[in-house]
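[1] requesting a structural model of the entry that follows:
(2 chains)
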Amino acid sequence: MSAQSSLRPWFEAYLAAFNRADFPTFGACYADEVVFHGQAAQLVGREAVLDFYRKVRTYLDERVDLLTFVGAPDGSRIAAELRTTLVAFQDWADMPTGPMRAGDRRQSVNFAFYEIADGAFTRIRTARFSPQPGSRA
Amino acid sequence: MTPEARFRAYLDAFNNSDWDALRACYAPDIRLVIGNGTELVGREAIVDFYSKVKQQTRRTIELIQCFADGNVLAAEIESEFLALEDAPDFAARPMTRGDRYYLNSFVFYEFEGEQYTRIRAAVFRREFKPLAAPRTA
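    Numbers count the residues shown, from 1 in each chain, chains lettered A, B, ... in the order given. Model prediction:
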C-alpha cells in the first residue's frame, strides 16, 4: 500500500476513535508538540489538545464526519472537508465558538489541513466553510 | 500534465489576468464558492466577478502548497489585494485606494479531465492593512 493510499484508512480510524471519545487511540495520532489551530482553540502539545477535548466532552457530544479526503502522495499531508456536529447535554455559557444550552445542536463544515511526520499530526489547521443559504455544501 | 502542474498554470493565468486561459480551466457549469460564502455558477459568472475584482484591486495569488488525490486537488493559497481605487462594495470588505488585504485560504478544486467542475474556498486567516502600512505577517 502506498503512502498516499494508506493515509485514508489511518485518518478514518483517527476520526472513528475521536467520535467514540477513545482518547488513548486518537491521542496517539498527535505528535508530542502538535500545533493545533482549531475553530474553538489554539493549542500546542498533545496533552493540551487532549485536555481541551476532555473539557469539551463534559458539555457536549461531538461527531466529525469526513466529507472530502485528499492525501498527499508522499503521505506528509492531508486535506479534509469535515462536518462537525455538536449536541450539548449541559449548558456551556462560555463555549469558545458561542454559548450552547443543553439540547442545542450545532453543525458546521470545516476545511482542515494536517501535517504528518512519523505517523502523527504535527500541525492541524482548520478554516470554517461558509456557503450562503442556497449554496450546495 | 499533473493536476499540480495544471493548477500552477491556472494560478499563472489568474495572476496575469489571462481570461481566455482561465475560461478554458473551468467546466461550463462550474460552481465556485468564494471565501465569504458567495456562490458563482458558470465560467462567465466567475470571469465577470474576477474581472471586476481586478478593476478595483491588484490581486495576486501565491501558492503555499497543493496536492491531488483522485479527482480533487487541495490547495493552500495566499491572496493579496491592493486597492487601485476606492472600493466600498469590495467583496471581502470596504477598501480605500492603497489599502491591502490578505487572505490565507484552504481550497478544494474538483476536476474532470482538465477542467475544474467545483471550487470551494474557506478562509483560514485574514489581515487588513490600511494605506501604506507595512505588512507584518
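
[2] for chain A, which spans come out with low pLDDT?
    A:1, A:131-137 (pLDDT under 70).

[3] okay, strands next: where are they in the chain?
    By default, I'm working from chain A. A:30-37, A:42-44, A:60-71, A:77-88, A:105-117, A:120-129 (DSSP state E).

[4] if you could check chain B rather than the one you did, that'd help
    Counting by DSSP E, the strands of chain B are B:26-33, B:39-41, B:57-69, B:72-83, B:100-112, B:115-129.

[5] close to chain B: what parts of chain A are there?
    A:4, A:37, A:68-73, A:77, A:79, A:81, A:110-113, A:125-132, A:134-136 (C-beta under 8 Å from any C-beta of the partner chain). Placement of C-beta: from N, CA and C, glycine included.

[6] distance check, residue B:70 against chain A.
    8 Å (C-beta to the nearest C-beta, to the nearest Å).

[7] would you turn the strands of chain A into CSV with distance to residue B:58 and mean neighbour count?
    CSV is the format used below for the strands of chain A (distance: least, C-beta to C-beta, whole Å; neighbours: other C-beta atoms under 10 Å in any protein chain shown):
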stretch, distance to residue B:58, mean neighbour count
strand A:30-37, 29, 16
strand A:42-44, 32, 15
strand A:60-71, 30, 17
strand A:77-88, 28, 20
strand A:105-117, 26, 18
strand A:120-129, 24, 19
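
[8] so for residue B:44, which of the ones you listed sits nearest?
    Of all those, it is strand A:120-129 that lies closest to residue B:44, at 24.5 Å by C-beta to C-beta.

[9] could you check the angle strand B:26-33 makes with that closest one?
    Angle between the axes of strand A:120-129 and strand B:26-33 is 90 degrees (criterion: axes from the mean of the first three to the mean of the last three C-alpha atoms, to 10 degrees).

[10] restrict strand A:120-129 to CA atoms and write it as PDB.
    The C-alpha trace of strand A:120-129 is given here as PDB (Å, rounded to 0.1, in the frame of the first residue of the first chain):
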ATOM      1  CA  ALA A 120       1.500  11.600  13.900                       C
ATOM      2  CA  PHE A 121       0.000  15.000  13.300                       C
ATOM      3  CA  THR A 122       2.500  17.800  13.800                       C
ATOM      4  CA  ARG A 123       0.200  20.700  12.800                       C
ATOM      5  CA  ILE A 124      -3.600  20.900  12.400                       C
ATOM      6  CA  ARG A 125      -5.300  24.000  11.000                       C
ATOM      7  CA  THR A 126      -9.000  24.400  10.300                       C
ATOM      8  CA  ALA A 127     -11.000  27.000   8.300                       C
ATOM      9  CA  ARG A 128     -14.700  27.400   8.500                       C
ATOM     10  CA  PHE A 129     -16.500  26.900   5.200                       C
END
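
[11] any figure for the gap between residue A:109 and residue B:101?
    Computed as C-beta to C-beta, to the nearest Å, the residue A:109 to residue B:101 distance reads 24 Å.
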